[in-house]
Every structure is written in structure tokens, then in C-alpha cells.
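1. this is a predicted model, with the sequence first.
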Amino acid sequence: QVHLVESGGGLVQAGGSLRLSCAASGSIFNINAMGWYRQAPGKRRELVAGITSGGVTNYADTVKGRFTISRDNAKNTVYLQMNSLKPEDTAVYYCNADVTIMVVTTTLSGDYWGQGTQVTVSS
């Protein structure tokens, strides 16, 4: 079993910054890609940023230049530094990870999600 636990959300004024963290724990053999998604009320969940195990990153156009994703492989943790926040960034942010676990003598890969953390940006 794998658990992803997010932290760092909260209320901030427009123009402010927040840093989200997501730590993975459990019977982890390897973590492949990790990413952050968000879902605003009445909208579909969307990819915010992703990062491969080798550190290659990609971002949604709406956050390029303002958000930075990074990871610490030794800690099984991914971060999202969010600067110059706007009211339209308000959403529940979810951590996602493609994790390979060891089951007896074989490995299995699966997609795991955190419980979500609320980010609210006031104007």
C-alpha cells in the first residue's frame, strides 16, 4: 500500500506565495513520474505540473513562470512552489505519483493520489 500526504495549502492574498509538499510512504520500490493537479469548484481536474524521476518538468501554460515543481527522491517527496498567486489559482490541489511496489518476487506499478489540500487566493 502507498500513501501520499500533502501539506502546505492555505489562504493567501493575490501576489503571495505558497509551497506545497507531498510525501509518499509505504511499500515503495520506485517512484516514477510525480505531479500536481488541481480542481476548482465546477471544473474538471487539471494537470498543473509534472516531473519525471530524472527531473524533467512540464507545466500548464497558466502557471508557467510562476510555479516550480521539484522532488527529493531520497525523501520520496515532491514540492510545488507557487509564486505570484492569482485568485484563479484557487482550487484543491492533489498530488499524484506513478509508483512501483514490490509484491513478493514481482513488481506492480500503479497510480496513486493524495487527499488534496485547499489553496485559496483572495483578491
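-> The structure has been received and is ready for your questions. Predicted, not measured: the structure shown is a model, and the values here were computed from it.
2. contacts, neighbours, all on C-alpha from now
-> Fine.
3. quick one: the strands in this protein?
-> 2-7, 10-13, 18-26, 28-39, 46-51, 57-59, 67-72, 77-82, 91-103, 106-113, 117-122 (DSSP state E).
4. any chance of those strands in CSV, with mean pLDDT and mean neighbour count too?
-> Output for these, formatted as CSV (pLDDT from 0 to 100; neighbours: other C-alpha atoms under 10 Å):
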stretch, mean pLDDT, mean neighbour count
strand 2-7, 95, 19
strand 10-13, 98, 15
strand 18-26, 96, 19
strand 28-39, 95, 20
strand 46-51, 98, 20
strand 57-59, 98, 17
strand 67-72, 98, 19
strand 77-82, 98, 20
strand 91-103, 94, 21
strand 106-113, 91, 13
strand 117-122, 98, 20
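5. dump stretch 29-37 to PDB, keeping only the CA atoms.
-> Presented in PDB, the C-alpha positions along stretch 29-37 are these (Å, rounded to 0.1, in the frame of the first residue of the first chain):
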ATOM      1  CA  PHE A  29      10.100   0.100  -4.900                       C
ATOM      2  CA  ASN A  30      10.400   3.100  -7.100                       C
ATOM      3  CA  ILE A  31       8.600   6.300  -7.800                       C
ATOM      4  CA  ASN A  32       8.400   7.200 -11.500                       C
ATOM      5  CA  ALA A  33       6.600  10.400 -12.500                       C
ATOM      6  CA  MET A  34       5.100  12.700  -9.900                       C
ATOM      7  CA  GLY A  35       2.800  15.600 -10.400                       C
ATOM      8  CA  TRP A  36       0.300  18.200  -9.100                       C
ATOM      9  CA  TYR A  37      -3.200  18.500 -10.300                       C
END
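6. not counting it itself, show me its contacts.
-> Contacts with stretch 29-37, where a contact means C-alpha atoms under 8 Å, 6 or more residues apart in numbering, come from 45-53, 76, 78, 80, 93-102, 107.
7. and the closest residue to G50 other than its chain neighbours, how far from S7?
-> In this structure, G50 finds its nearest non-sequential neighbour in G35, 4.0 Å apart by C-alpha to C-alpha, 6 or more residues apart in numbering. In this structure, G35 and S7 are 14 Å apart, going by C-alpha to C-alpha, to the nearest Å.
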